[in-house]
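Visitor: For reference, the sequence and a predicted model appear below.
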Amino acid sequence: MNDTSPDSLIPYDEIVQEALRAVVGRVLGQVETTGGMLPGNHHFYITFKTHAPGVAIPVVLRERFPDEMTIVLQNKFWELKVEADSFSVGLSFNQIPSKLHIPFSAITAFVDPAVDFGLQFQAQVEEPEHQPHEDAENDSPEDGTEPGSPASVQAEDGSNVVTVDFGRKK
């Protein structure tokens, strides 16, 4: 018997990634239909590649976060618009209102810490040269809690975190 698995002619990893990104779109779409009201204590940390194709964010944010950025959708966001392959939302950074447009393919993590749910994705962009940057955080929510990173809420205690990495051979 051969210990190496054969190369698949079916792109399973891409199909699964696309399906899981559709989960993010469906969740955000439900929030959009309620006028941007999050049910209960739900709130989302969404991490995305700032230089991915289709990402539109203010230049100052792209300079501050040259590789990856995490936004928080909790109390202070507006104009959430979900499309088939992307979403846009208004957020405030240092008291300056900003509009962001993010394709689902740019998302690398989606976390709802209220229910210990998280998804991690393989980046669908070429990795730029790594440069140090500040921690990403938009303005603090009204309840006084500070936004955290998705890694801080993804415990290894059996919580509902799904990581997909098939390690495709090339």
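Guide: Great, that's in hand.
Visitor: Distance of P53 relative to H101?
Guide: 12 Å (CB to CB, to the nearest Å). Every C-beta, even on glycine, is put in place using the N, C-alpha and C of the backbone.
Visitor: Repeat that for A84.
Guide: When A84 is compared with H101 (using CB to CB), they lie 14 Å apart.
Visitor: ok, back up a step: P53 and H101 - which one has more neighbours?
Guide: Between P53 and H101, counting by other CB atoms under 10 Å, H101 is the more crowded of the two (15 against 11).
Visitor: Would you agree that one is in contact with L91?
Guide: No: under the criterion of CB atoms under 8 Å, H101 is not in contact with L91, lying 11.8 Å apart.
Visitor: okay, and for the protein, where does confidence drop off?
Guide: 1-3, 123-170 (pLDDT under 70).
Visitor: at 90 what do you get?
Guide: 1-8, 35-37, 75-76, 94, 122-170 (pLDDT under 90).
Visitor: where along it do the helices fall?
Guide: 12-33, 59-64, 150-153 (DSSP state H).
Visitor: Quick one: closest of these to L73.
Guide: helix 12-33 (7.6 Å; CB to CB).
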